[in-house]
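Participant: sequence and predicted structure below; questions after.
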Amino acid sequence: MISFVVEYLAPSLNTIYSSKHWGKRSTERGKAHLAVKVAIINCKAVLPQLPVKITTRPLLGPGKRIYDPINYALNQKFIEDGLVKCGLLPDDSWKYIRAFEILKPERIKSQSATLVIIE
């Protein structure tokens, strides 16, 4: 098992339905991918046996409101894509990911982020 904190938390999934421009979504995805890469490098992550289970827990900084559970799905997607983009996972298909889980958010005193656990 490996765990690390990614200094990123995606906007609510509701933002996709509120006509957010594709360019802004692309920018968010890029921020997530970079944050995942930095976290992977900093913790010197070594992937456990494939396929893996990916668990995320939103870490909410001061003033960040708690979303309904499914609204963290965009965050989960961006984190998984970042794991592929940085080379930790070969792909984000069922062949390499057996399960995923989003845990209840936790309040923190610093900037919002995402705890990632891979087992």
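Facilitator: Thanks, I have the structure now.

Participant: can you show me the helices along this structure?
Facilitator: 14-17, 22-43, 73-85 (DSSP state H).

Participant: closest to the centroid, which residue in this protein?
Facilitator: For the chain, residue 79 is the residue whose C-alpha lies nearest the centre (CA atoms, centre = their mean; 3.0 Å).

Participant: ok, that residue - contacts?
Facilitator: 6, 8, 32, 36, 54, 56, 114, 116 (CB atoms under 8 Å, 6 or more residues apart in numbering). Glycine gets a C-beta too; all of them are placed from N, C-alpha and C.

Participant: hmm, the first one is touching residue 116, no?
Facilitator: Yes: Residue 6 is in contact with residue 116 according to CB atoms under 8 Å; the separation is 5.7 Å.

Participant: between the two, which contacts overlap?
Facilitator: Both residue 6 and residue 116 are in contact with 36, 39, 79, where contact means CB under 8 Å, 6+ apart.

Participant: I'd like these written out as a markdown table, with pLDDT and distance to residue 98 added.
Facilitator: Shown next, in a markdown table, are those (pLDDT from 0 to 100; distance: CB to CB, whole Å):
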| residue | pLDDT | distance to residue 98 |
| --- | --- | --- |
| 36 | 84 | 20 |
| 39 | 82 | 22 |
| 79 | 94 | 16 |
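
Participant: out of those residues, the closest to residue 109 would be?
Facilitator: residue 39 (19.2 Å; CB to CB).

Participant: any chance of the contacts of residue 79 in CSV, plus neighbour count?
Facilitator: Converted to CSV, the contacts of residue 79 look like this (neighbours: other CB atoms under 10 Å):
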residue, neighbour count
6, 24
8, 22
32, 24
36, 26
54, 22
56, 23
114, 26
116, 24
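
Participant: determine which two of those are furthest apart.
Facilitator: Across the contacts of residue 79, no pair lies farther apart than 8 and 54, at 14.8 Å, counting by CB to CB.

Participant: looking at the contacts of residue 79, which is nearest residue 84?
Facilitator: Among the contacts of residue 79, residue 36 lies closest to residue 84 (CB to CB), at 9.4 Å.

Participant: what sits against the closest residue to the closest one other than its chain neighbours?
Facilitator: Nearest non-adjacent residue to residue 36, counting by CB to CB, 6 or more residues apart in numbering: residue 82, 2.9 Å away. Listed by CB under 8 Å, 6+ apart, the contact set of residue 82 reads 6, 32-37.
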